[in-house]
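In: predicted model and sequence below, questions to follow.
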Protein chains: 2
Amino acid sequence: MLFSSELIKGTLKTIILKLLSENKRMYGYEITQKVKELTGDRIQLTEGALYPTLHALEADGLLTTETEYIGKRVRKYYSLSKEGKAKSKEKVSEFSDFIDTMKFLLDIKHKPA
Amino acid sequence: MLFSSELIKGTLKTIILKLLSENKRMYGYEITQKVKELTGDRIQLTEGALYPTLHALEADGLLTTETEYIGKRVRKYYSLSKEGKAKSKEKVSEFSDFIDTMKFLLDIKHKPA
DNA sequence: TTATTATACATAGGAATATTATGTATATGA
DNA sequence: TCATATACATAATATTCCTATGTATAATAA
């Protein structure tokens, strides 16, 4: 079962920043595979969403890059900058609060007065 | 503290359907106030997002409407249709699974091998 | 009495974010 | 040698939401 893409909207940056806080450096394709693996195939990042987001995070100064060649094939590693590390904590924390709020909101048993 | 609108993306329909499953009928403004109240002002639905979404859910056959006049002011009540009730359960259940997946994903302590 | 705030609907224009489709290229396994 | 996996990237499009604007009535405070 794949989550409807609606749900994933707005969480992509948080996912990327969190994964990079757990791993010194990762490249794009690796991130897609890691997310697939860790979610049991329930979240599959598309390249069309991933790469522009990585570029945006880099442009915001949250990520730094190093390019390496594996044979003749290029590979672009991303790492968190200092600001990126702070942002990662902030985003995960905010998402965690959001989860708590939503759990409360969706579990309520309010009957009309 | 207000949640960044990014996070709320994709959850609006679920929130509306859930609230309507707990209340026989609600009108738009009432929904915004209820969400504000239940989330301690952390989620504030804007009218520009709410009304188009209500219209879309109605067009999809998930909601039915009754218009009433309170004095001279119009008020449009929304209720879940049969399909809407099923969809509400489905969406809440999916969101609950999504929360579990995201919690796992964002709590992991994976170190590079 | 009059100004402000709250109630209550709606839509147009624009921004942000994601999808689909496409393109390029190398490496690996059947 | 053909298909699949690896690995990057972008353009066109779709979705979804926000901001701003518009209309109007009701209640409250100055």
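Out: Received, thanks. Keep in mind that this is a model prediction, so the values were computed, not measured.

In: hmm, the longest helix seen in chain A in reach of chain B?
Out: If you go by DSSP state H, chain A has its longest helix at helix A:82-107. Yes. Judged by CB under 8 Å from any CB of the partner chain, helix A:82-107 comes into contact with chain B at A:92, A:94-99, A:101-106. The C-beta positions use only the backbone N, C-alpha and C, and glycine is treated the same way.

In: now, of the residues you listed, which are buried?
Out: A:92, A:94-95, A:98-99, A:101-102, A:105-106 (16 or more other CB atoms under 10 Å in any protein chain shown).

In: of those, closest to B:E37?
Out: For these, the closest approach to B:E37 (CB to CB) belongs to A:L105, at 10.5 Å.

In: with adjacent residues omitted, what lies nearest to that closest one?
Out: Nearest non-adjacent residue to A:L105, counting by CB to CB, 6 or more residues apart in numbering or on different chains: B:L38, 5.5 Å away.

In: could you say which helix or strand holds the most centrally placed residue in chain A?
Out: Taking CA atoms, centre = their mean as the criterion, A:I15 is the residue nearest the geometric centre of chain A, at 1.9 Å. If you go by DSSP states H and E, A:I15 is part of helix A:12-22.

In: next, the buried residues of that helix.
Out: In terms of neighbour count (16+ other CB under 10 Å), helix A:12-22 has its buried residues at A:12-22.

In: residue numbers of chain A in contact with DNA strand D?
Out: Contact residues, chain A versus DNA strand D (CB under 7 Å from any atom of the strand): A:6, A:9, A:27-30, A:33, A:47-48, A:51-52, A:54-55, A:70, A:73-76.

In: any weak-confidence spans in chain A?
Out: Counting by pLDDT under 70, the low-confidence segments of chain A come to A:108-113.

In: residues from it in reach of chain B?
Out: So chain A meets chain B at A:1, A:3-4, A:6-11, A:13-15, A:18, A:22-24, A:35, A:38-40, A:42-43, A:92, A:94-99, A:101-106, A:108-112 (CB under 8 Å from any CB).
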